[in-house]
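Novice: pasting a predicted model and its sequence here:
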Amino acid sequence: MYQNVPNSTAKSVMVKISEVRLAYTSMRIEQLQAFLVVAETTSFQQAAQKCGVNQSTISRQIQGLEAALGLSLFHRTNQAKLTVAGERFLPRARKICQEWQNATQELEDLLAGKQPELCIAAIHSVCAHYLPPMLQKFCRDYPAIQLRVTALGSDRALKVLRDGMVDVAIVMNNRFLTTAPEMVVEVLYNEPIEILMAANHPLTKYEQVPWSELVKYPQVVFKDGYGMQRLVQERFLQQGATLQAVLELNTLDAFRGVVRQGELIAMLPQSAVFDAQKDPTLAVRSIATESASPTGEIAESLTDMGLTRQVVLVTTQDRLQIPPIKHFCQLVRELAKSPVQQMSKIEVFPDPKIREFRRVNPSFQKVGVKN
């Protein structure tokens, strides 16, 4: 930058820049405010009275500001009149103080819950069934805040949360995307995965479809970036089977429309197939439990009961300090106690073995009650 400038001149310029930077970092907002009041009243004494401090305090603030700038801002006569430097500095000082006032007011409004909107990103099945009653309750509690809800795949929802584009994400758990120290992850509920198929599909003969039969049929899966695709792929790998994914979709209506046409099947969470239970052209089947022993003993944990997905609420530590966001998260927790029953009034686990397990173990908690 200074290649054509003599060394002595370049050094003096750099020193001057450093002095200016130091001046700005040395200034305090109280000094600027004192400067504005003295400029308005043209009197150190009246400025002190207006600010509710001693005149010596005002004098020290102006002296400190002048020392930082390296220029006198006032003529010390019967009246405190602005110097040429003071005249030049006045509009800048006003702008800085106004910006400071605006910034502090915005933060005060934020902590008081006066934000204009609250942005939520959630997976499709949560948007369709789980969120609506919660959104209505929130709108009654905070009528001045506009809710913005976007249906996204889990990975995309977590990315926009990290980028600060949304306040809360309700997604399938992905520990690889929530490792940042500021992230807060709360487990909401676990939900069984079921199989959606056409009403006349060969697999309808099974009440619970064995994996050995399930892997024979081509599947419709969620697009890349959706947690469900990753979950299904991982389970197929665990089974040592190849997933025949012939079509990728991203809406539940599309899944239902495609599946009812032929032999394609789809592995979807129970909340996503709730509407299909009422459709005579479609059928829903559970996946056979893999871990039941040959003697017929009942599985001892939710993991043993079959394929499930874990739904979590994700936000950040700083957002939980904001009243509307904190309140929304509390509503989510309250409704998370039994999400599937609230939206469908059906058993979370229709597996007869699990119903028997609950009968002989009355303390057993349904999905989402204890996480």
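Specialist: Cool, got the structure.
Novice: for this protein, which helix is longest?
Specialist: helix 84-111 (DSSP state H).
Novice: quick one: buried residues of it?
Specialist: With burial defined by 16 or more other Cβ atoms under 10 Å, the residues of helix 84-111 counted as buried are Gly86, Phe89, Leu90, Ala93, Ile96. Yep, even glycine has a C-beta here, placed from its N, CA and C like the rest.
Novice: then stretch 197-215?
Specialist: Met197, Ala198, His201, Leu203, Thr204, Val209, Trp211, Leu214.
Novice: so what's the gap between that stretch and the chain middle?
Specialist: Mean-position distance between stretch 197-215 and its chain equals 38 Å (Cα atoms, centre = their mean, to the nearest Å).
Novice: ditto for stretch 88-105
Specialist: Centroid displacement of stretch 88-105 relative to its chain, using Cα atoms, centre = their mean, is 33 Å.
Novice: returning to that earlier point: what packs against the longest helix of the chain?
Specialist: For helix 84-111, the packing partners by 3 or more Cβ pairs under 8 Å, 6 or more residues apart in numbering; DSSP states H and E come out as helix 29-41.
Novice: show me which residues of the helix it packs on are buried.
Specialist: Buried, per 16+ other Cβ under 10 Å, within helix 29-41: Gln31, Leu32, Gln33, Ala34, Phe35, Leu36, Val37, Val38, Ala39, Thr41.
Novice: after it, next one along is what?
Specialist: Next helix or strand after helix 29-41 toward the C-terminus (DSSP states H and E): helix 44-51.
Novice: all helices of the stretch 201-350 of the chain, in order?
Specialist: For the stretch 201-350 of the chain, applying DSSP state H, counting those that start in this stretch gives helices covering 211-214, 227-238, 252-259, 323-335, 339-344.
Novice: tabulate the buried residues of helix 29-41 in TSV, adding columns for pLDDT and distance to His124.
Specialist: Below are the buried residues of helix 29-41 laid out as TSV (pLDDT from 0 to 100; distance: Cβ to Cβ, whole Å):
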residue	pLDDT	distance to His124
Gln31	92	55
Leu32	93	52
Gln33	92	52
Ala34	93	57
Phe35	93	57
Leu36	94	54
Val37	94	58
Val38	93	61
Ala39	93	60
Thr41	93	63
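Novice: take these and write them to CSV, including distance to Leu107.
Specialist: CSV is the format used below for those (distance: Cβ to Cβ, whole Å):
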residue, distance to Leu107
Gln31, 21
Leu32, 19
Gln33, 18
Ala34, 23
Phe35, 24
Leu36, 22
Val37, 24
Val38, 28
Ala39, 27
Thr41, 29
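Novice: give me the distance between Thr289 and Met267.
Specialist: The spacing between Thr289 and Met267, counted by Cβ to Cβ, to the nearest Å, is 15 Å.
Novice: least confident secondary structure element in the chain?
Specialist: Ranked by mean pLDDT, DSSP states H and E, the weakest helix or strand in the chain is helix 352-360, scoring a mean of 43.
Novice: burial of Thr316, as a residue count?
Specialist: Applying other Cβ atoms under 10 Å, we find 18 residues neighbouring Thr316.
Novice: how about the contacts made by it?
Specialist: If you count contacts by Cβ atoms under 8 Å, 6 or more residues apart in numbering, Thr316 has them with Leu161, Glu182, Met183, Val184.
Novice: what's the spacing between the residue of the chain most remote from its centre and Gln45?
Specialist: In the chain, the residue that sits farthest from the middle, by Cα atoms, centre = their mean, is Asn78; the gap is 59.8 Å. For Asn78, the distance to Gln45 equals 11 Å [Cβ to Cβ].
Novice: before we move on, back to that, could you check the angle helix 323-335 makes with the longest helix of the chain?
Specialist: 20 degrees (axes from the mean of the first three to the mean of the last three Cα atoms, to 10 degrees).
Novice: can you start the count at 330 instead of 1 from here on
Specialist: Understood, numbering begins at 330; the last thing we discussed is helix 413-440.
Novice: list the helices and strands the next helix or strand after helix 413-440 packs on?
Specialist: Next helix or strand after helix 413-440 toward the C-terminus (DSSP H and E): strand 446-451. Other elements packing on strand 446-451 under the criterion 3+ Cβ pairs under 8 Å, 6+ apart are strand 475-480, helix 483-491, strand 497-501, helix 652-664.
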